[in-house]
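1. All I have is the shape, not the residue letters:
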């Protein structure tokens, strides 16, 4: 993709003073703090808002707790699978 004239840095900035950018510098911390998940299209259609998704998942969690199914944290689950 060709850069257009509008993609250039403004005259008051000097590229050499900006330094080198680091690709992915904040990716690790972003992934730690983000809880973004992608839904399949048919699921997104059934639950079009975050409130609808949260309500459905809360209902499932409550039903599992009522049925006596133990909650296993992801950390515990990881330890169980690694031996």
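-> Right, received. Where do you want to start? Bear in mind that the values here come from a model prediction, so they are computed numbers and not experimental data. Residues are numbered from 1 along each chain as shown.
2. how much space between residue 15 and residue 39?
-> With distances taken as Cβ to Cβ, to the nearest Å, residue 15 is found 41 Å from residue 39. The C-beta positions use only the backbone N, C-alpha and C, and glycine is treated the same way.
3. hmm, I was thinking of residue 17
-> Note on residue 17: its distance to residue 39, by Cβ to Cβ, is 44 Å.
4. on that earlier part again, so which of residue 15 and residue 39 has more stuff around it?
-> Using other Cβ atoms under 10 Å, the more surrounded residue of residue 15 and residue 39 is residue 39, with 12 against 8.
5. and residue 47, how many residues sit next to it?
-> For residue 47, the neighbour count with other Cβ under 10 Å is 15.
6. wait, it sits on residue 39?
-> Yes. With contact defined as Cβ atoms under 8 Å, residue 47 counts as touching residue 39 (7.3 Å).
7. so where's the protein shaky on pLDDT?
-> 1-7, 70-83 (pLDDT under 70).
8. And the helices in it, which stretches?
-> In the chain, the helices defined using DSSP state H lie at 15-18, 27-33, 41-46, 50-66, 74-82.
9. Ok, which of the ones you listed comes nearest residue 9?
-> Closest to residue 9 of the helices of the chain, according to Cβ to Cβ: helix 15-18, at 5.7 Å.
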